[in-house]
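Q: Sharing a sequence plus its predicted fold:
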Amino acid sequence: MTFAGFLAEYRSYIRVFLILIAWYFIHTRQRRYLSKIPGPLLASFSPIPRLLSVARGSRQNTDIALHRKYGHLVRVAPNVVSVSVSSAIPVIYGASTKFEKSDFYVLFDPKTPHGFRPSVFSVRTEKAHREIKRPIAGAYSMTSLLELEGLTDECISVFQRKVDQKLDASKTGAVEMDLGEWLHWYAFDVIMSITFSKRLGFMEQEKDVGGIIAAIEGRLRYAATVGQMPWLHGLLFGSETMSSVLNMVPAVAMMNTSARIVEFTAQQMKRYGGKEEEEMKYVDMLDRFKKTKDNGEVLMTDTDLLLAASGNVFAGSDTTAISLRAMFYFLMKNPECLKRLVIEVDEMDRKGKLSKFVSFAQSNQMPYLQACLKEAMRMHPAVGLLLERVVPEEGVTIEGQFIPGGTVIGVNPWVVARDQAVYGKDADIFRPERWLDVWKQAEVEGDKGGEAREKVKLMERNFLAFGTGSRTCMGKNISLLEMNKLVPQMLRRYTIELIDPEKELIVEDYWFAKQLGLHCKVSRREG
Ligand code: HEM
């Protein structure tokens, strides 16, 4: 049959099919209430443009540009609204909010030997979240973590030893290194160390041990992209059959690593069983998870333990490494800030206030360090996609616009971090003084409060690097400990410069906005 013949024969079916398609698109576009929210035209018809945009790996910049063009509310997919107005943050994420995590997070359910199970990070309902979180929360408190500070010191000692060895072997007195990669190895060694009392030796071996970093990266790519149309997951890695078929393609199999990350964790837990006496001097996080009891009842099954530990493996290194990279990068790009910070560290050192390894308590006496860390994480939040939540049944009104129940809504930490109404006209530049000045003024105001206090509150509200509200980051204290200790210690010992100060870092945003290309020259400080 010719094509013309085919058209003639099936004309009425084709007509019905085209009418259905047109109806679908118009219905999707004209969804009640949402049709009034501005945004790219294609985004109102189909989620595919957003999926393709996320797949390109620079969605953080796209979201900033969209909000600068369309305003505080942007319809980024037929049923998804991106929000950037400060007053909406507590409404969506506040501690007692009814906005639960969206199906985007299904993609982050770890694959255990018993199938996919929600983790404390990926679980959607508030009730289930409370149950998972309760037995493990204590292990993430700063009090618990400070007891493990010595384990972080050991990792810093390895880092220093490795750099010193390279410097000793160098004829020029300087070494070139991919600092970004080293920071990732450092963060991984610390998280393994405080979770299982055993470093894996990323820094010692100078490599991605067991390919776990690559496995996590693959999983993130898949989750970030397919998460834009979560139902696709059931047809891809979420289906046992499809998963096996897709694994035959090596490039695709590299992203199908959820089970691999859990297996890796299970191996560490086995290794843990064989811990040697001298490695038992700390009550590590796994010990703390295991010892959790309520009225004598053990609250965690073996699978719960595996999930909690694999959460540390999955979330515990990329995030810290990204924030550390941001810190070193912005300092090197802004030599006057770096100089001011080095003076602060040196002054503490000269007064004999620093121990062999800078302690967390000591770094907290350095206000400029605190301002730099805060500003680095504002300029480069580790998460670069919407923190998606579902509007509860009754709907919500934001900026006078009603958004019906069931709509997916969220804020991208990058967008609110660059809000000029909150951080000033220079919101796009690294200026730690913006925090320092306002902190000082707020201190002067004291308890009676005033303009500066209000300003601090607003700046803090828009600071979503660690998320906020009931689902705020549980590992925040781990990262703060790692960063506060490493940065002053490095600056105290070494001069670190960008090899090419003009070159911008490459950022790949697949949920975690990872930087590539932090190539530095490191030398010993004189004197
Ligand atoms: C600088 C480092 C880190 C940053 C910037 C960061 C960022 C975030 C953000 C933005 C969220 C909220 C996600 C959402 O609302 O969808 C989050 C949640 C979470 N993070 Fe982190 N994270 C960091 C380090 C860590 C570490 C070291 C761990 C664990 C070892 C960790 C474990 C978690 C967990 C378990 C949650 C989910 C909390 C919940 O839903 O109750 N994070 N993190």
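A: Alright, I've got the coordinates. Numbering: from 1, shown residues only.
Q: in which helix or strand would I find Ser523?
A: Under the criterion of DSSP states H and E, Ser523 resides in strand 519-524.
Q: Can you list the neighbours in contact with that strand?
A: 163, 167, 173-179, 328, 332, 493-500 (C-beta atoms under 8 Å, 6 or more residues apart in numbering). In this view, the C-beta of every residue, glycine as well, is placed from N, C-alpha and C.
Q: can you pull the contacts of the residue of the stretch 101-250 of the chain found nearest the ligand?
A: In the stretch 101-250 of the chain, the residue that lies nearest the ligand is Phe121 (3.8 Å; C-beta to the nearest ligand atom). For Phe121, the contact set (C-beta under 8 Å, 6+ apart) comprises 105, 108, 311, 315.
Q: Just the buried residues of those.
A: Taking 16 or more other C-beta atoms under 10 Å as the criterion, what is buried in the contacts of Phe121 is 105, 108, 311, 315.
Q: that older thread, could you tell me which of the contacts of strand 519-524 are located in helices?
A: If you go by DSSP state H, the contacts of strand 519-524 have 163, 167, 179, 328, 332, 493 in helices.
Q: Enumerate the residues of the chain near the ligand.
A: The chain comes close to the ligand at residues 120-121, 133, 191, 311-312, 315-316, 319-320, 323, 382-383, 387, 465-467, 471, 473-475, 478-479, as judged by C-beta under 6 Å from any ligand atom.
Q: And the strands in the stretch 151-300 of the chain?
A: 174-178, 293-294, 297-298 (DSSP state E, counting those that start in this stretch).
Q: With adjacent residues omitted, what lies nearest to Pro367?
A: Excluding the flanking residues, the one nearest Pro367 by C-beta to C-beta, 6 or more residues apart in numbering is Leu436, at 6.2 Å.
Q: which SS class is that neighbour?
A: Under DSSP: H, G, I helix; E, B strand; the rest coil, the three-state class of Leu436 is helix.
Q: Would you mind measuring from it to Ala452?
A: 12 Å (C-beta to C-beta, to the nearest Å).
Q: What of Lys353?
A: Relative to Ala452, and taking C-beta to C-beta, Lys353 is found at 28 Å.
Q: What of Arg434?
A: Remark: distance between Arg434 and Ala452 (C-beta to C-beta) = 12 Å.
Q: got a list of what Cys55 touches?
A: I think there's a mix-up here, since residue 55 is Ala and not Cys. Residues in contact with Ala55 (C-beta under 8 Å, 6+ apart) are Thr225.
Q: related to what we said a few turns ago, and the ones in helices among the contacts of strand 519-524, which are buried?
A: Those of the ones in helices among the contacts of strand 519-524 that meet the buried threshold are 163, 167, 179, 328, 332, by 16+ other C-beta under 10 Å.
Q: and the one residue in the chain that gets nearest to the ligand, how many neighbours?
A: For the chain, the nearest residue to the ligand under the criterion C-beta to the nearest ligand atom is Gly475, separated by 1.9 Å. Neighbours of Gly475 under the rule other C-beta atoms under 10 Å: 19.
Q: where does the nearest residue to Thr28 once chain neighbours are set aside land on pLDDT?
A: Spatial nearest neighbour of Thr28, chain neighbours left out: Pro78 (4.6 Å); criterion: C-beta to C-beta, 6+ apart. pLDDT for Pro78: 95.
Q: Isn't Pro78 up against Pro47?
A: Yes. At 6.3 Å, Pro78 counts as touching Pro47 under the criterion of C-beta atoms under 8 Å.
Q: The stretch 301-450 of the chain: helices as residue ranges?
A: 302-315, 318-333, 335-350, 360-363, 367-379, 413-417, 420-423, 433-445 (DSSP state H, counting those that start in this stretch).
Q: Please work out which of those helices is packed deepest.
A: Looking across those with neighbours counted as mean count of other C-beta atoms under 10 Å, the highest average goes to helix 413-417: a mean of 25.
Q: sorry, back to before: show the contacting residues for the residue nearest to Pro367.
A: So Leu436 contacts 367-368, 371 (C-beta under 8 Å, 6+ apart).
Q: Out of the contacts of Phe121, which comes closest to Ala128?
A: Tyr105 (11.8 Å; C-beta to C-beta).
Q: follow-up on the earlier one: and the residue nearest to Thr28, how many residues sit next to it?
A: Neighbours around Pro78, by other C-beta under 10 Å: 20.
Q: again with Ile37
A: The burial count for Ile37: 22, using other C-beta under 10 Å.
Q: and it, how far is that from Leu387?
A: Ile37 is 19 Å from Leu387, by C-beta to C-beta.
Q: do Pro488 as well
A: Counting by C-beta to C-beta - Pro488 and Leu387 are separated by 31 Å.
Q: More neighbours: which of these two?
A: Pro488 (25 against 22).
Q: Could you give the backbone dihedrals for the more buried one?
A: Per-residue torsions, Pro488: phi -60, psi -30 (degrees, to the nearest 10).
Q: give the contact list for it.
A: 345, 348, 354, 358, 362-363, 366, 369.
Q: Pull the most distant pair out of those residues.
A: So, the contacts of Pro488 by C-beta to C-beta: farthest apart are Leu354 and Leu369, at 12.0 Å.
Q: what sits in contact with each of these two?
A: 345, 488.
Q: Pull the helix or strand harbouring Ile89 out as PDB, backbone CA atoms only.
A: Assessed by DSSP H and E, Ile89 sits inside helix 88-93. Taking Å, rounded to 0.1, in the frame of the first residue of the first chain, the C-alpha atoms of helix 88-93 are listed here in PDB:
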ATOM      1  CA  ALA A  88       7.400  30.900  50.400                       C
ATOM      2  CA  ILE A  89      10.400  28.900  51.900                       C
ATOM      3  CA  PRO A  90       8.900  28.400  55.400                       C
ATOM      4  CA  VAL A  91       5.500  27.700  53.800                       C
ATOM      5  CA  ILE A  92       6.900  24.800  51.700                       C
ATOM      6  CA  TYR A  93       9.700  23.500  54.000                       C
END
